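*Asks:* The sequence and its predicted three-dimensional model are supplied below.
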Amino acid sequence: MINLSNEADAVYAAQFETMRDSGAAQRRTDAYRAFAARGLPNRRVESWHYTDLKAALTKPAPLATTHSVTHALARTHDAVRLVMVDGKLRPDLSDLDTLPAGVRMQCLQEALASAGPTVTATLWPDNADDAAIALNGALMQNGLVVTVAPGAEAPRPLELITLVSGNEPQAVFTRSALIVGAGAHIRIIETHGVLDAGTEAASLAGAQLNHVLTMRLDADAKVDLLTNVAGFGETSVSVVSLIAHLDARARLNAHQLIEGGGLLRRQIFAALDGEHAHAAFNGVTLARARQHADTTLVVDHRQPHGESHERFRTILDGQAVGVFQGKIIVRSAAQKTDGVMQSKAILLSDGATMNNKPELEIFADDVKCGHGATCGRLDRDQLFYLMARGLPRGEAESLLLAAFANEAMAGIEDEALRDFFEARIGAWLTGRAGA
Amino acid sequence: MLEIKNLHVSVGDREILKGLTLTVKDGEVAAIMGPNGTGKSTLSYVIAGREGYDVTQGEVLLNGENILDLDPHERAARGLFLAFQYPVEIPGVATMQFLKATLNAQRRSRGEPELQTPDLMKRVRDAAAKLGVSQEMLRRPLNSGFSGGEKKRMEVLQMALLEPSVGILDETDSGLDIDALRVVSEGVNTLRSPHRSFLVITHYQRLLDYIRPDTVHVMAQGRIQRSGGPELALELEKNGYRDYIAEEAA
Amino acid sequence: MAARQETVARVEAIDVDAYKYGFTTDIESEKAPKGLSEDIVRFISAKKNEPDWLTQWRLEAYRRWLTMREPDWARVHYPPIDYQDLYYYSAPKSTPGPKTIDDVDPELLRTYEKLGIPLREQEILAGVETRKVAVDAVFDSVSVATTFKEELAKAGVIFCPISEAVQTHPELVRQYLGSVVPVTDNYFATLNSAVYSDGSFVYVPKGVRCPMELSTYFRINEQKTGQFERTLIIADAGSYVSYLEGCTAPKRDENQLHAAVVELVALDDAEIKYSTVQNWYPGDSAGKGGIYNFVTKRGDCRGRNAHISWTQVETGSTITWKYPSCILRGDNSQGEFYSIAVSNGHQQVDSGTKMIHLGRNTKSRIVSKGISAGKSQNTYRGQVSAHRKAEGARNYTQCDSLLIGHDCGAHTVPYIESKNPSAQFEHEATTSKISEDQLFYAMQRGLSAEEATALIVNGFVRDVLQQLPMEFAVEAQKLISISLEGSVG
């Protein structure tokens, strides 16, 4: 049943017509049908209970057209950069010549034209049944398909940058894939934001980003993933998804820093599909004003001896709304699974709201799974102690909040990257204390 | 009486006991000593019937009956008691409740009348007093939050109440300070009788200063390598296990 | 303490037949015609000789119900229910209207005797019972007997069938009925509002500590009969009452619908303790038959320092859909939810609670112990929320699941929502199985695998059992063991 009952659905139907023949027509059509059957998710959809995407996207922006970037992008990491602006690869801003040995990169369009079974399976994973991802599948404009050869060890991290530009609202749909061969190891930095973040134009533009990164880790592969979403304006609506598939003994060590902007949903779907696979997801979410920041995570244990650890921290100020939904699924085959999830939130103001939904769905008996969730304000005794030692309130709060948030960043193995994330958290806190 | 005849035991592909033979007569206290990792705990678990061990050959006779096909609780009812090296915590189950349940389960399976609560309480209190186990400990969940010494005293208390014909003490001295060691050993010594045998498994000679064995057996390579009197323990204390380990390496 | 020590002996004494309340009572009933319509609603109302406002209230509920959809968010699956294929009213023919115990059909008395529920006061007084418990016995759609009414009346406590309260205390019923669970609340509660036939009514006046435990014993007997009882308990300022309910049903091949509503109102400084031991017929080992238990239970801490505590032991029913909740409206009010949910065979449980913090310094505590065995699915679903004005709200939730066997599932779905920075919410959940080490240890000391399992399970649920009155704790422990029979080895 195709539902075109509202304006948004009609806009997406029209956009789909323009994208239908941009590669993988059948897959796109299937994805569009899957989306159209449900429409944009609202609060009645259990997995979107706390984030009403339908209400936020009553007026979908037009699909992005490329804007020129006249100035260079500042470098923040010692990394090999691949930059997309408004859904288009920008060779002028990217380090295409210095890709590490064993690492190959294609544009999504190229990859779709010549896709082998591995690329196809990675781009169209089976473990993320979600309307926003289906819409992405129908409308994806471009993306990067990165392949890491078996056994390769990339010396420098790869930084995947996705930016939205412009003074007018526009919609960007991108889908990238990372295929890591057996035993290979790579560090990935994912940066999502707006061009010229912080300027008035950028903060008013109302970007609508729907990005999906799909990831496949073959046996014994290891990926360190660092994701930073920042700089989106107050009227923006972003859905940034990660879909990961781990084979036997693969290790995914993921950290994310989500700095609120408009409505923002980070969603992660991870399938542990080989024995002894290991996934760690850690994150910090910072939101203020009227920002709405949602992190939704589904870890699906499908094989024995898997391990997953999730640690999330949320700090909310102003009238911000924070959401953490985490679900650990343990299938009946996944005996000896070890899964621990923890979500802690601090509310700094009377207007803030936190919604926590840590779920366990367990079908195997020989497992050890647990979750914990807390929600409250800063510890009054600790605060008093620091103030009694002479720290002004703002500073004392920042110190405690930084310690609280950095707990979730402690597992970043690369010291420079950990420093970078901690510094960003510090800057957000300073900005808050100064405000 | 406990008779172990040519016992071969494997875990997975690895053979741990390789034809172990040992007899502990009524009233005898036999000590098994040996280097770490030689299968001493495996022996105690196999005698008590823990899952996960393949007995590929041999017999274990308790008072003349082969017990290898029996469930752990059936062996217990026939008079076998294992004092665990690491006693298990059972949250929410009060110690007193556990003692009553186990004691009466054994009595039932032997066709004896169950103990009524006042009688049971008296027995437990008497035994507890001797071992310095407080009333407060009896109210707590079994072994939960007990110190190492408290757990070992609780094991001996259970042995005293269950009155087994064969008691196996698996590294009962581990984790005990000298005072606790004395209390526990005295507890065991008062249980010695012509109708009860003990198999004392230990790494150190120290315990045997308190519980004087009648026979000492050196275990290595999954077998009894040498048997003798108490003097053998002293010799081991002096020379260590290197003769036996060297043999193993060879 | 003594109760818990008896466990193993009781496990030993368990009948071979797992569900021992599965007999039927052969008694003639008066039924309304099958199906549901405004006429049936009027018929029930007329049977109860209800005032017009109540008839209209029921009709309004019925009309509302027609516009509603059956909820589908719970993790339970069952074929569509044909609401026109049920009887909505069934009463034993021989017992019309209020009565003394001597008027009760002897067949009914024997039924309750077999169920272990004493209805003759003198028997209770003469027996070994050390504590008096007043009983309201509800058989299919009507209350057949209520004991100790006179003695309670001396203390000012009203304890009677709700149908009687409508006649004798209409002002209380009218004031409070539907004030906690509104007519429009949810599909099953709305249906109940339209067709409820009987249930218990309790009013404890200001400052009165109810002199004995009150209890209602529910029995479904008739075939194809829905049971829709309605319980209303009002604890006026400074009063205290402890209320227990028990439920059983015969073994029948078809599924039977039970959609009850319980409303509790606690005014300033009042306390209500509500305990349930639910043992409806769970269906057979192939998953055939059993009760659909779709129940709405809610307590309103309407006054300052009010305190409502729910304790439930859920072992029966083929499907359980039940979330006893607390509205913490009064400042400093407290809500508690202690739950043991055991599922075996093909049972499906989706149960939990809601703690809605509205007032200042409100506190709630949730302890949930789920045990799944066989091919069952057992879900804890709970909501804790603090609204803007819930300054200083506190919640602690502990939610543990135990799995026995390879074909069952244990699920935890908490919704934790805070709109107040001074609210402190803490939630912890674990899922595990009975450890091999614990089993071996207990067996080495002489317990069989089943005994050892029962003992360890008892330890697992101990925190909740302790909340039950002694007599119920023993009963509950026995039920848990019976429910888990055959799940080991």
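*Replies:* Received it, and whenever you're ready, just let me know what you need. Numbering: from 1, shown residues only, chains lettered A, B, ... in the order given.
*Asks:* What about the closest residue to A:His49 other than its chain neighbours, how many residues nearby?
*Replies:* Among residues not flanking A:His49 along the chain, A:Arg43 sits closest, at 5.5 Å (C-beta to C-beta, 6 or more residues apart in numbering or on different chains). From N, CA and C alone the C-beta is placed, and that goes for glycine too. A total of 13 residues lie near A:Arg43 under the criterion other C-beta atoms under 10 Å in any protein chain shown.
*Asks:* what's the spacing between the closest residue to chain B within the stretch 1-150 of chain A and A:Asp273?
*Replies:* Closest residue of the stretch 1-150 of chain A to chain B, C-beta to the nearest C-beta: A:Pro150 (30.5 Å). Computed as C-beta to C-beta, to the nearest Å, the A:Pro150 to A:Asp273 distance reads 18 Å.
*Asks:* now swap in C:Ile480 and tell me
*Replies:* Distance, C:Ile480 to A:Asp273, using C-beta to C-beta: 37 Å.
*Asks:* likewise A:His77?
*Replies:* Per C-beta to C-beta, A:His77 is found 31 Å from A:Asp273.
*Asks:* what about these two, which has more around it?
*Replies:* For A:His77 versus A:Asp273, neighbours defined as other C-beta under 10 Å are more numerous around A:Asp273 (22 against 18).
*Asks:* pretty sure the more buried one is touching A:Arg302, no?
*Replies:* Yes - under the criterion of C-beta atoms under 8 Å, A:Asp273 makes contact with A:Arg302 at 5.1 Å.
*Asks:* Would you mind naming the residues that bridge with A:His292?
*Replies:* A:Leu263, A:Val321 (DSSP bridges).
*Asks:* which residues are there in chain A that come within reach of chain C?
*Replies:* Within chain A, the positions adjacent to chain C are A:46, A:49, A:332, A:345, A:347-350, A:352-377 by C-beta under 8 Å from any C-beta of the partner chain.
*Asks:* Apply 6 Å and report the result again.
*Replies:* A:347, A:353-357, A:359-363, A:365-366, A:368-377 (C-beta under 6 Å from any C-beta of the partner chain).
*Asks:* does residue 161 sit in a helix, a strand or a coil?
*Replies:* All of this refers to chain A. strand (DSSP: H, G, I helix; E, B strand; the rest coil).
*Asks:* neighbours around it, how many?
*Replies:* A:Ile161 - counted by other C-beta under 10 Å - has 21 other residues nearby.
*Asks:* filter the residues of chain A next to chain C to the buried ones?
*Replies:* A:347, A:353-357, A:359-363, A:365-366, A:369-377 (16 or more other C-beta atoms under 10 Å in any protein chain shown).
*Asks:* the helices in chain B, which residues?
*Replies:* Along chain B, counting by DSSP state H, helices occupy B:40-48, B:72-77, B:95-109, B:117-131, B:135-139, B:148-162, B:178-191, B:206-210, B:230-239, B:242-249.
*Asks:* mind checking how far the residue nearest to A:His49 is from chain C?
*Replies:* 12 Å (C-beta to the nearest C-beta, to the nearest Å).
*Asks:* now the helices of chain B in CSV, with mean pLDDT and mean neighbour count?
*Replies:* Shown next, in CSV, are the helices of chain B (pLDDT from 0 to 100; neighbours: other C-beta atoms under 10 Å in any protein chain shown):
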stretch, mean pLDDT, mean neighbour count
helix B:40-48, 93, 22
helix B:72-77, 91, 23
helix B:95-109, 88, 22
helix B:117-131, 89, 15
helix B:135-139, 88, 14
helix B:148-162, 91, 22
helix B:178-191, 89, 17
helix B:206-210, 90, 18
helix B:230-239, 86, 15
helix B:242-249, 63, 13
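*Asks:* Switch those helices over to TSV; also include distance to chain A.
*Replies:* TSV is the format used below for those (distance: least, C-beta to the nearest C-beta, whole Å):
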stretch	distance to chain A
helix B:40-48	20
helix B:72-77	20
helix B:95-109	24
helix B:117-131	34
helix B:135-139	28
helix B:148-162	23
helix B:178-191	32
helix B:206-210	35
helix B:230-239	40
helix B:242-249	32
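*Asks:* closest to A:Glu110 out of these?
*Replies:* helix B:40-48 (60.7 Å; C-beta to C-beta).
*Asks:* Contacts made by that closest one with the rest, please.
*Replies:* The contact list for helix B:40-48 (C-beta atoms under 6 Å, 6 or more residues apart in numbering or on different chains) reads B:Val9, B:Ile16, B:Gly34, B:Tyr53, B:Val60, B:Pro72, B:Leu82, B:Ile168, B:Asp170, B:Ile201, C:Gln444.
*Asks:* ok, which residues in the stretch 351-489 of chain C are in contact with chain B?
*Replies:* So far as C-beta under 6 Å from any C-beta goes, the stretch 351-489 of chain C lies against chain B at C:437-438, C:440-441, C:443-448, C:455, C:459-460, C:462.
*Asks:* could you redo the last one with a cut-off of 10 Å?
*Replies:* C:369, C:434-449, C:451-452, C:454-466, C:489 (C-beta under 10 Å from any C-beta of the partner chain).
*Asks:* Now restrict the residues you listed to buried residues only.
*Replies:* If we count by 16+ other C-beta under 10 Å, those have these buried: C:369, C:434, C:438-448, C:451-452, C:454-465.
*Asks:* just checking, which of those belong to helices?
*Replies:* C:438-444, C:451-452, C:454-465.
*Asks:* all strands for the stretch 201-350 of chain A, in order.
*Replies:* Taking DSSP state E, counting those that start in this stretch as the criterion, the stretch 201-350 of chain A carries its strands at A:208-217, A:222-229, A:237-246, A:251-259, A:263-272, A:278-287, A:292-301, A:307-316, A:321-330, A:338-347.
*Asks:* who does the residue nearest in space to the middle of chain B bridge with?
*Replies:* Geometric centre of chain B, nearest residue: B:Ile168, 2.1 Å, by C-alpha atoms, centre = their mean. Beta-bridge pairing of B:Ile168 under DSSP bridges involves B:Leu82, B:Leu199.
*Asks:* how near is it to B:Tyr241?
*Replies:* Per C-beta to C-beta, B:Ile168 is found 21 Å from B:Tyr241.
*Asks:* How about C:Glu30?
*Replies:* 87 Å.
*Asks:* same deal with C:Thr431?
*Replies:* 44 Å.
*Asks:* Looking only at neighbour counts, state which of those two leads.
*Replies:* Taking neighbours as other C-beta under 10 Å, C:Thr431 and B:Tyr241 compare with C:Thr431 leading, 29 against 20.
*Asks:* Lovely, talk soon.
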